[in-house]
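S.K.: Fold the following.
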Amino acid sequence: MLDSLSPRLALRPRPGEILEVERVLAIARAALAVSSLIALELYLGESFSAPGFVFGLALFYAGHAIALMVLLWRWNEVPRWFSWTVQAADILWPCLITIFIFVSGPVTPFFLYFIFALVAAAFRWGMREVVLVMSVAMVVMGGEGFAVNRGWFDQAWFDHAGLNHAWINRAWLPVPAGTALGLSFTMRMVYLVIFGLLIGYLVEWEKRRRAEAWSIFQVSSKARVDAGLKATLQGVMQEVLKLFQGRELLLLTREAGEGRANLWRVATSEKSGEMSFTWRSLEQAEARDYLFELPAQGAGAAWLGGNPLHAMMIDPEGKRLRGSECCLSYEFASRHPFNKLLVSSILFAPDLLCRIFLFEPSAGGRPQSQLHFLRSLSNRVAPAIYNVYLLRRLRSRAAAAERARVAHELHDGVVQSLHALAFRLYALRTGTNMDGRERTQELLDLQELAQKEASNLRGMIQHLQPVELDPGQLLDVLSGIIERYRYDTGIAAKFVCDVGEVNLPPATCREIAGIVQEALANVLKHSGAESVLVHLAAEQGDWILTIEDDGRGFEFSGRVSHLELERIRRGPLIIKQRARAIGAELTVESRPGQGARLEIRLPQAVRASMGIER
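M.R.: Just a heads-up that it's a prediction; the model follows:
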């Protein structure tokens, strides 16, 4: 109940959702009104002393309900004022009609109008509004009962109202609490409370679960590979702080085996309301203030009232731990003064320690409920952030490996050739025993050497440049790469494609083109092959890229999977990294002295999830 009455987590209704709710309520309101008319028509004389007046009120309410239903089916959007106005009418109508409930006995169709008002408030908003509507209904019903019991509605009042007092004198009699009518009134009040609390709680519970699921989705969507780690953390932390309506959010991270830690901070300015994002490194002594020990079964803690010595602890299931205490250091409390603080550890990687600190959260229920949801939210979003972190490290290592490879190739290839070219030019310039024919032949050799190294350098530059292409251009790009490779190297290269259309994301297409370029470069440098075949096909929804040559092969023999290549540290490093980046599996089949075959298989499920541009 306390969770239901506290501020809710932010839930943005999808477009048209409010209109759908209002249309459903309008249909239910019209059905209730029509069914009331039918009930009055069948049992009017048995239940009411003024049948014509009661039937007129019910008929007017039915017209009101049908008019609202027709209006809503004509609208495409609900104005802001509409829900509150109609809710007020849903309360006023039963308040007006309940004047006749006291003389109706226990059988009346009008009591359901109050129940409908409670249901409408629950589906429109939630528990707090249901309690408000229930309180108004109880006050009105209690006031009318008190007025009738006191005899305040006398003959003069009804004469002034223009009503026939002949039946009023018989109807409006004091209602002792012990009479059947008094018991009926009391039971209606009890039913109203029971129905109100039950309906409000069930709808509020459903809304909060939906809000939590939507919140997890909203926060997870901020973890974007193309944005990088820093921008991802900034977006996620700002969304979490906004979700809990807090003042400040801290995230402490430390890799295993490292003394330094990183502290990421998002805070809301009290003056402007804008959020700021900063981060800094912590020395080991300062990090200890944030990495205090939690009890053995503790998964999170909440400090209330600014007291750093006593905390409320929860276990991994969200249940409160009794008899467990956790204290904050004096340095932490003085550096971060607070009234309410939630702390939760994030466990998702054995080599990374993370802890989150949330100051002054106001949404999400009781501190125990807030802490449980904070832990659930962080543990669901953390793997997505960790993937961004791993990809960042992978790209950094791949870039370092690529730079090392380029430096090695420049040193062993172009640089050595340029040195040789310089020495031979020097010998040619200073040589005196060389006739004209020898000089001409030497110049021709030097020219060929310069052209060869220029071609090698141009190929290296083309290999380093990122290939920007759309899925529709992939086949043409691959065909062009292989055609140019055959022309430059003299190796019989051939491209075969069994598909007519490619529907891969652009980022995946770039990686595939990079894999083909790297594989062809390896064939030229290491295999000594005379021919190479590149084949792209689709099999059972998977894309399969194979590169096969007739060269020396690898130092091992047989067919080796991606995991086995990682274990034995064999196979082409760059191709393994590119395949992992797009979620593909690399398999190498080697026949020493006869050739090798690379197979890159991109599963359908992975391909469907790679829609985000990196």
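S.K.: Now do the helix or strand hosting residue 511, average pLDDT.
M.R.: Using DSSP states H and E, residue 511 sits in helix 506-522. Average pLDDT, helix 506-522: 86.
S.K.: which other helices and strands contact that helix?
M.R.: Helix 506-522 sits against helix 436-464, helix 474-489, strand 531-539, strand 542-549, helix 573-581, strand 595-602, with contacts defined as 3 or more CB pairs under 8 Å, 6 or more residues apart in numbering; DSSP states H and E. Where you see a C-beta, it was placed from the backbone N, CA and C, and this is true even at glycine.
S.K.: Go again with 10 Å.
M.R.: helix 367-409, helix 436-464, helix 474-489, strand 531-539, strand 542-549, helix 573-581, strand 595-602 (3 or more CB pairs under 10 Å, 6 or more residues apart in numbering; DSSP states H and E).
S.K.: so what strands line up beside the fifth one?
M.R.: Which is strand 542-549. Using DSSP bridges, strand 542-549 pairs in its sheet with strand 531-539 (antiparallel), strand 595-602 (antiparallel).
S.K.: Adding mean neighbour count, mean pLDDT and distance to residue 260, write these out as JSON lines.
M.R.: Output for the strands paired with strand 542-549, formatted as JSON lines (neighbours: other CB atoms under 10 Å; pLDDT from 0 to 100; distance: least, CB to CB, whole Å):
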{"stretch": "strand 531-539", "mean neighbour count": "17", "mean pLDDT": "91", "distance to residue 260": "47"}
{"stretch": "strand 595-602", "mean neighbour count": "21", "mean pLDDT": "92", "distance to residue 260": "39"}
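S.K.: Just put those strands in CSV and tack on distance to residue 477.
M.R.: CSV is the format used below for the strands paired with strand 542-549 (distance: least, CB to CB, whole Å):
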stretch, distance to residue 477
strand 531-539, 12
strand 595-602, 16
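S.K.: Go through these and name the closest to residue 506.
M.R.: Comparison of those against residue 506 by CB to CB identifies strand 595-602 as nearest, at 14.3 Å.
S.K.: Can you tell me the centre-most residue of the chain?
M.R.: residue 217 (2.4 Å; CA atoms, centre = their mean).
S.K.: Show the pLDDT at that one.
M.R.: So residue 217 comes in at 83 (pLDDT).
S.K.: swap in residue 439?
M.R.: 78.
S.K.: Verify the stated contact: residue 417 with residue 453.
M.R.: Yes: counting by CB atoms under 10 Å, residue 417 touches residue 453, with 4.6 Å between them.
S.K.: Can you measure across stretch 68-85, start residue to end residue?
M.R.: Separation of the first and last residues of stretch 68-85 by CA to CA, to the nearest Å is 12 Å.
S.K.: Could you pull out the buried residues of that stretch?
M.R.: Across stretch 68-85, burial judged by 16 or more other CB atoms under 10 Å covers 68, 69, 72, 78, 82, 83.
S.K.: Moving C-terminal from the helix-or-strand element of the chain with minimal mean pLDDT, which element do we reach first?
M.R.: Using mean pLDDT, DSSP states H and E, the weakest-scoring helix or strand in the chain turns out to be helix 165-171, at a mean of 40. Using DSSP H and E, the next helix or strand after helix 165-171 towards the C-terminus is helix 180-220.
S.K.: ok and that next one relative to helix 367-409, angle-wise?
M.R.: On the basis of axes from the mean of the first three to the mean of the last three CA atoms, to 10 degrees, helix 180-220 is oriented at 10 degrees to helix 367-409.
S.K.: Tell me the gap between helix 180-220 and the middle of its chain.
M.R.: 28 Å (CA atoms, centre = their mean, to the nearest Å).
S.K.: which strands and helices sit next to the helix or strand following that helix?
M.R.: With elements assigned by DSSP H and E, the helix or strand that comes after helix 180-220 is helix 228-244. Secondary-structure packing of helix 228-244 (3+ CB pairs under 10 Å, 6+ apart): helix 180-220, strand 248-255, strand 261-268, strand 275-282, strand 352-359, helix 367-409.
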